[in-house]
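**Student:** everything below, folded, please.
(2 chains)
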Amino acid sequence: MTIIPEDHIEQSLEQSLDHCIKCNICTAACPVSAVTDLFPGPKYVGPQAQRFRHERQSSPDESVDYCSGCRVCNEVCPTGVRIAELNARARARLAAERGIPLRNRLISRSGLIGRLGAGPHAPLANALLGFKPLRLVIERTLGIAREAPLPAFSRYTFRAWFHRRRAPQTTNGASGRQVVYFHGCSANYYEPWIGKAVVAVLEHNGFEVLLPRQRCCGLPLLSNGDFAAARRAHEANVAFLAPYALRNIPIVGASTSCTLTLKEEAPELLGMQSDAVRAVARQTFDIFEFLRTLYERGELRTDFRPIERTLPYHPPCQLRAHRIGRPAIDVLELIPGLRLVETHASCCGIAGTYGLKVEKYRISMDVGAPLFETVRRSGADLALCDSETCRWQISHGAGVAARHPVEILAEAYGLVT
Amino acid sequence: MRTTIVIGAGLSGLMGALALAEAGLRPLLLAKGQGATHWTAGTIDVWGADERSPREALQTIITSRPGHPYALIGVHAVEEAITRFRALTEAARYPYVGGLERNVLLPTAAGALRPAALLPVTMAAGDVRLGGEMLIAGFRELRDFYPPFIAANLAAQGIAARGVYLTMPPAFRRREYTTVTFARMFDDPAFRSEIGRQLRAQRGNATRIGLPAVLGLRDPLEVVAHMQNESGAQVFEIPTLPPSVPGIRLFTLFQQAIERAGGRLQIGSEVIRGEGQDRRLTTIWSEAAARQQEHRVERVLLATGGIAGGGIRTDHAGIVRETALDLPVRAPANRADWFAPRFLDPHGHAIYTAGVATDAHLRPLGAADEVIYDNVAVAGAALGGADTVRERSRSGVSLATGWAAGRILAGLVS
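**Tutor:** Predicted structure coming up:
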């Protein structure tokens, strides 16, 4: 059975195998194999095991399921082997052969969960999920770790707020500049204040913010090996977003994993390469990547109020995988008085849904331990991080609040959100 | 934004980035992946092709081979780079010893002898000329480090040595081990106390104990001191196959120093092209998700390595290219001339001298010796004009030209 269509991406992955010189730099950098024997490391599970994978034979090795998908291996590989993609596809093979457990089907559908939990009844849903005996039952029956950090549902969705509010005047007058905001599940169902900050910052810089329909980007589905559902999600998003992308209207997101999925993960892992898919990928920007480009063109407003603070900043793996540097630092450095100290920890451990799983919770906390320690030692009561699941994990592991850098930016602009 | 760019995270790129950062230019270092630090032994080999001291060799090269990277920058620049490097490692509590006056001969993981001009002090007691019996100890769990084999080869060269395997303490057993796994274990005092006790029991008449270069990532000096106290002998490290723990230590201390001075590193971003006009490079692009990242540049230090490091690429058609900026490369014109007939030919293979030719300011030159870009300096193995593998000068050339290129770009060299 072939579950992955023939495509040039598959070929480029196969070819990249031959670039592996077995130097083990990836293994040395892998945050997961550093803390557990259950994952032998990227080199073994990626380029080495790949030699034993054939579409007519069953998967040789289940340890690939312990890859968290953080992509640190890709980052450090000196010869350009695409280890993380090999692993993600191998996991999908495994899922196709052995089926996807109910737990993974559930936690990978963040849009569905969000629709169920967010709204006026959110306090009830939150109380239930905060009720320890119930979490124990969920752990025993479903396998979702009872200690794992789950976010609180919002009483209102971002989309509802956006459509309810009075359309604001853009402060730069009618510049005619438009931008699509891809909010993702977290800003819509859990943290609408981040969506509000994004809108405020973009409008402050003279953009009209458009909010077409959208679905979950599909990353949780990809990382749980449910490629069929991920394909449906991406096809839907491309249908919603391509009309804008094809008119060169940028698509901006503040969730680094959603934007990475639109840019690269979905097209590459699923072998999707239509013009519409490519247009969406090319027009998708991380919010700070977008703002940094504005600054480079002299178009970013810099009417910042000073913020006299030094804060730890963790660039999440999914941001580093964009390969665009540290755009949040580049922009926030413009705020007088504010200093961000990069953590240099490789991963917080949560890796989306990985750390929610009962058999992986301990691993995820051990992976995150150096980061939690760095954040605690900084003495700050606040850490910054661009990715939502990482923020929840940092708060859980380090015991301090974690916010999105765009919230600080909005504060510096004096925007009430 | 950052307009001073260093391309490459090996020794030359790191030295260059340090020089630029200390000059206040806030460099951004872009690299495809982790650099040559993680691949190499962690010693600084200035010259090791013959019996001459590095200083004697340098003085001859400067007059006899004007195109050699050492000749381009001069002995003074080499010394300046070494001084800065020694101060840097000293400040990071990982000091290097040695200098240009003589090479130290160190045992390799094959029991061969390798000359090095500068070496981390954790390797210093490995100097084979110190005399006395050596105990070479290792672990069956660590691949590619076989103490009996090392000792036998040393003994065959007249160096008294004995090889033994140590027993992995049960609390530290794992399924998989790499050099880095071991280094993290040596960071744990409980592990090294146990290993120290085993070494004392095995020591016999040995006055020095050689261990694989995995003696900790956090504070190797402390690890070596601890092992010496426990074992009652001098302890030294023998470089392993990659990933190189001494190299990782070097990378880490450079990263910290560069960032403290205002620089930044972006690993995982391969520079794939550049554009300029009127002898000025104006823009470079690095590979990124969905589209390339554009960098407007004022000055660029190219330190992408040679054929082994990926900075120079050859293909089956015989084309030799510089991969980041597509600078002109000096290489044998004909593919048939790339290699000497014998693998271990004493004259080496011509293709390994392939690289970018530069003027004394390390600016890239074209076929007619015209400067291609005024605001680009080339350093390290990307430079042509030397077979640094055969000369055993690779890390010395990288260190010295990296520092020199950074100083030149910062306008600190007249």
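
**Student:** quick check: residues of the stretch 301-414 of chain B near chain A?
**Tutor:** When proximity is defined as Cβ under 8 Å from any Cβ of the partner chain, the stretch 301-414 of chain B approaches chain A at B:309-310. (Glycine included, C-beta is placed from N, CA and C.)

**Student:** any low-confidence regions in the chain?
**Tutor:** All of this refers to chain A. Scanning chain A for pLDDT under 70 picks out the ranges A:1-8, A:168-175, A:417.

**Student:** meant chain B, my bad for not saying
**Tutor:** Using pLDDT under 70, chain B drops low at B:414.

**Student:** what are the phi and psi values for the residue lying closest to B:Q157 once chain neighbours are set aside?
**Tutor:** Leaving aside its chain neighbours, B:Q157 sits nearest to B:L113 (6.8 Å; criterion: Cβ to Cβ, 6 or more residues apart in numbering or on different chains). The phi/psi pair for B:L113 (degrees, to the nearest 10) reads phi -110, psi 130.

**Student:** so what's B:L113 up against?
**Tutor:** B:105-107, B:128, B:157 (Cβ atoms under 8 Å, 6 or more residues apart in numbering or on different chains).

**Student:** is it true that A:S346 touches A:R320?
**Tutor:** No. Using Cβ atoms under 8 Å, A:S346 makes no contact with A:R320, being 9.0 Å away.

**Student:** look at the two and report which has more neighbours.
**Tutor:** Between A:S346 and A:R320, counting by other Cβ atoms under 10 Å in any protein chain shown, A:R320 is the more crowded of the two (24 against 21).

**Student:** please report how far that one lies from chain B.
**Tutor:** In this view, A:R320 and chain B are 7 Å apart by Cβ to the nearest Cβ, to the nearest Å.

**Student:** ok, now which ones touch the closest residue to that residue other than its chain neighbours?
**Tutor:** Of all residues not flanking A:R320 in the chain, A:E75 sits nearest, at 5.8 Å (Cβ to Cβ, 6+ apart). Counting by Cβ under 8 Å, 6+ apart, A:E75 touches A:29, A:320-321, B:33, B:267-268.

**Student:** any shared contact partners between A:S346 and A:R320?
**Tutor:** Counting by Cβ under 8 Å, 6+ apart, the residues touching both A:S346 and A:R320 are A:V72.

**Student:** please report phi then psi for B:R140.
**Tutor:** phi -60, psi -30.

**Student:** neighbours of B:G132, how many?
**Tutor:** With other Cβ under 10 Å as criterion, B:G132 counts 13.

**Student:** am I right that it is in a strand?
**Tutor:** No. When classified by DSSP: H, G, I helix; E, B strand; the rest coil, B:G132 is found to be coil rather than part of a strand.

**Student:** neighbours of A:Q11, how many?
**Tutor:** 10.

**Student:** do the same with A:E10
**Tutor:** There are 15 residues near A:E10, going by other Cβ under 10 Å.

**Student:** ok, now B:D337?
**Tutor:** 13.

**Student:** that one and chain A: what is the separation?
**Tutor:** Taken as Cβ to the nearest Cβ, the span from B:D337 to chain A is 26 Å.

**Student:** spatially, and excluding backbone neighbours, which residue is closest to that residue.
**Tutor:** Nearest to B:D337 is B:A350, by Cβ to Cβ, 6+ apart, at 5.6 Å.

**Student:** count of residues packed around the nearest residue to B:L135 once chain neighbours are set aside?
**Tutor:** Take B:L135 and drop its neighbours on the chain: the residue closest to it by Cβ to Cβ, 6+ apart is B:A206, 3.7 Å away. The tally of other residues near B:A206 (other Cβ under 10 Å) stands at 23.

**Student:** quick one: contacts for B:A206?
**Tutor:** B:132-135, B:162, B:233.

**Student:** turn those into CSV, including distance to B:G305.
**Tutor:** Shown next, in CSV, are these (distance: Cβ to Cβ, whole Å):
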residue, distance to B:G305
B:G132, 39
B:E133, 40
B:M134, 34
B:L135, 37
B:R162, 38
B:A233, 38
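
**Student:** and of those, the nearest to A:A328?
**Tutor:** For the contacts of B:A206, the closest approach to A:A328 (Cβ to Cβ) belongs to B:A233, at 51.1 Å.

**Student:** I'd guessed that closest one sits against B:G210; true?
**Tutor:** No. With contacts defined as Cβ under 8 Å, B:A233 does not count as touching B:G210, sitting 10.1 Å away.

**Student:** the helix or strand hosting A:V198: which residues count as buried?
**Tutor:** Per DSSP states H and E: A:V198 is located in helix A:192-204. By 16 or more other Cβ atoms under 10 Å in any protein chain shown, the buried positions in helix A:192-204 come out as A:192-204.

**Student:** before we move on, back to that, now the contacts of B:L113: which count as buried?
**Tutor:** Buried among these (16+ other Cβ under 10 Å): B:105-107, B:128.

**Student:** spatially, which two of the residues you listed are the most separated?
**Tutor:** Checking the buried ones among the contacts of B:L113 with Cβ to Cβ, the most distant pair is B:L105 and B:P107, at 8.1 Å.
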